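1. how does the following fold in three dimensions:
(4 chains)
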There are 2 protein chains.
Amino acid sequence: MLTERQRGILEFIQSEQREKGITPSTREIQHHFGFASQTSVMQYIDALERKGFLDRHARKARALITPVQKVRITDIPIYGQIPAGMATLTEQTIEGHISLDTRSVNASKNGRTFALRVHGDSMIDAHILDGDIVILEDRKDVQNGDIVAALIDGETTLKRYVTEHGRPYLKAENPLYPNLVPARELRIQGVLVSLVRKQIAAPRRKRG
Amino acid sequence: MLTERQRGILEFIQSEQREKGITPSTREIQHHFGFASQTSVMQYIDALERKGFLDRHARKARALITPVQKVRITDIPIYGQIPAGMATLTEQTIEGHISLDTRSVNASKNGRTFALRVHGDSMIDAHILDGDIVILEDRKDVQNGDIVAALIDGETTLKRYVTEHGRPYLKAENPLYPNLVPARELRIQGVLVSLVRKQIAAPRRKRG
DNA sequence: TGAGTGCAAGTTCAAATGAACACAATGGTA
DNA sequence: TACCATTGTGTTCATTTGAACTTGCACTCA
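-> Numbering: from 1, shown residues only, chains lettered A, B, ... in the order given. This next block holds a predicted model:
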């Protein structure tokens, strides 16, 4: 699809974006490859754009969008708790951020994506551990069997959403924890789309 | 630390970088905030740089480096198999890439980081599932209890590294699988540092 | 043989862009 | 009071930078 030279140009642009954080100008590319004319670079950029390996913001400096940028990193805020609904998700309650490329997350474009740090082992049978970071999406279409973050007694907890005989309830994936049948409304805050676990260096026990 | 306006400017720069992939020019920032003069923006950028919230490439267009870029995303290659040792980890065997910020991974600076897609349920009791992506590091200091990728019978498998009476062996975290005591040498390819799970939308079964 | 494509050089332009300097108002602090 | 940081305007300058047009060579394909 690409010629040797074209691939070289694209890789140089990408490596500069990754290492320096900025896109090289056409002259900078020119000098790196030792071209006598800047026009050569323009032609390569034309070819790369035509073949779909590059997007360009016309007449803007250093404005080449390569797959490095395209696989947009979503900078997801990590919350400790979501006490009073999504409205209170302010900057203050953010514990940190996590970055993932969009392919790694099952996230759709619509919903807002956020993350929670898991407390406790109530979802251990779903293989979600204490300390895991779960990526959730503020979505409307919750389905039977989805793992969700819900507001119960003023606290956000992670549970499996199950409907039985048309009535929804929340199921813990640990026999030690009871199921939760909502008395009134059920406030779903997000649906699990992805999970990130930072492995601890020296595990104390093999199983819980 | 930052004034309201300064934070607003920084957030605008970051949101443009995230959404459009390119850093706004000083004039673009000016027009977004309705300033009559471009100098105002220059002053804010000065302040942000002085306070350490921004890095600047002098005299280069659209060359502001914000924390969005700083938390360098490590573009980790995902391999399906590592048959014949690290030497054969060529571009061809790469299944894809995954991006994580360096904080999310336990990765040290020394070792090379790579990823494997997990096949099978031999590590189910360590809560590692079929289809999970495990992030590993090519490290020398393997410790008792670490989960490692090792080469066994020409195939890469994920197992727990256990030493007993001074002799190392590989333990599957599933009673259905046998332990593996190496006859000769043990080829450790990487130590588990992190894990990413892409949640499937509609789970068919709750447990294996 | 002619058309098309990739590659490279030379030249010139206009716009985009970072930067500098002068001036001024405000609010807090030493 | 004097000093300083913050905020804002107005103006000007020198580069930087993308872009356009031309010419030339080599190679492939019809």
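
2. next one: the closest residue to residue A:180 other than its chain neighbours from residue A:176, what distance?
-> Leaving aside its sequence neighbours, residue A:180 sits nearest to residue A:170 (CB to CB, 6 or more residues apart in numbering or on different chains; 4.2 Å). For every residue, glycine as well, the C-beta is placed using N, CA and C. Counting by CB to CB, to the nearest Å, the gap from residue A:170 to residue A:176 is 15 Å.

3. which one of those two is surrounded by more residues?
-> It is residue A:170, of residue A:170 and residue A:176, that has more neighbours when counted by other CB atoms under 10 Å in any protein chain shown, with 20 against 8.

4. and the more buried one, what does it touch?
-> When contacts are counted by CB atoms under 8 Å, 6 or more residues apart in numbering or on different chains, residue A:170 touches A:148, A:150, A:152, A:157, A:159-162, A:179-182, A:186.

5. next secondary structure after the helix or strand hosting it?
-> Residue A:170 is located in strand A:167-171, with elements delineated by DSSP states H and E. Beyond strand A:167-171 in the direction of the C-terminus, DSSP H and E gives the next helix or strand as strand A:187-198.

6. how far off centre is that next one?
-> Averaging C-alpha coordinates over strand A:187-198 and over its chain gives two centres that are 11 Å apart (CA atoms, centre = their mean, to the nearest Å).

7. quick revisit: out of the contacts of residue A:170, which one sits closest to chain B?
-> Proximity of the contacts of residue A:170 to chain B, judged by CB to the nearest CB, is greatest for residue A:160, which lies at 7.5 Å.

8. ok now the strand holding residue A:170, how far from the chain's centre?
-> 27 Å.

9. CA atoms only: put that strand into PDB for me.
-> Included here for strand A:167-171 are C-alpha records, laid out as PDB according to Å, rounded to 0.1, in the frame of the first residue of the first chain:
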ATOM      1  CA  ARG A 167     -38.300  -6.900  38.100                       C
ATOM      2  CA  PRO A 168     -34.700  -5.700  38.300                       C
ATOM      3  CA  TYR A 169     -32.400  -6.400  41.200                       C
ATOM      4  CA  LEU A 170     -28.700  -6.100  42.000                       C
ATOM      5  CA  LYS A 171     -26.600  -9.300  42.400                       C
END
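
10. hmm, back to that, now the contacts of residue A:170 as TSV including distance to residue A:2, pLDDT and neighbour count?
-> Output for the contacts of residue A:170, formatted as TSV (distance: CB to CB, whole Å; pLDDT from 0 to 100; neighbours: other CB atoms under 10 Å in any protein chain shown):
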residue	distance to residue A:2	pLDDT	neighbour count
A:148	44	93	22
A:150	49	88	21
A:152	54	77	13
A:157	50	86	22
A:159	49	93	23
A:160	46	94	21
A:161	46	94	20
A:162	50	94	15
A:179	56	88	12
A:180	55	86	16
A:181	58	82	12
A:182	56	75	13
A:186	52	79	17
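
11. circling back: quick check, pLDDT for the residue nearest to residue A:180.
-> Residue A:170 is assigned a predicted lDDT (pLDDT) of 92.

12. quick one, the strand holding residue A:170 and strand A:187-198 angle?
-> In this structure, strand A:167-171 runs at an angle of 30 degrees to strand A:187-198, with axes from the mean of the first three to the mean of the last three CA atoms, to 10 degrees as the basis.

13. if anything else comes up later, I'll come back, but that's it for now.
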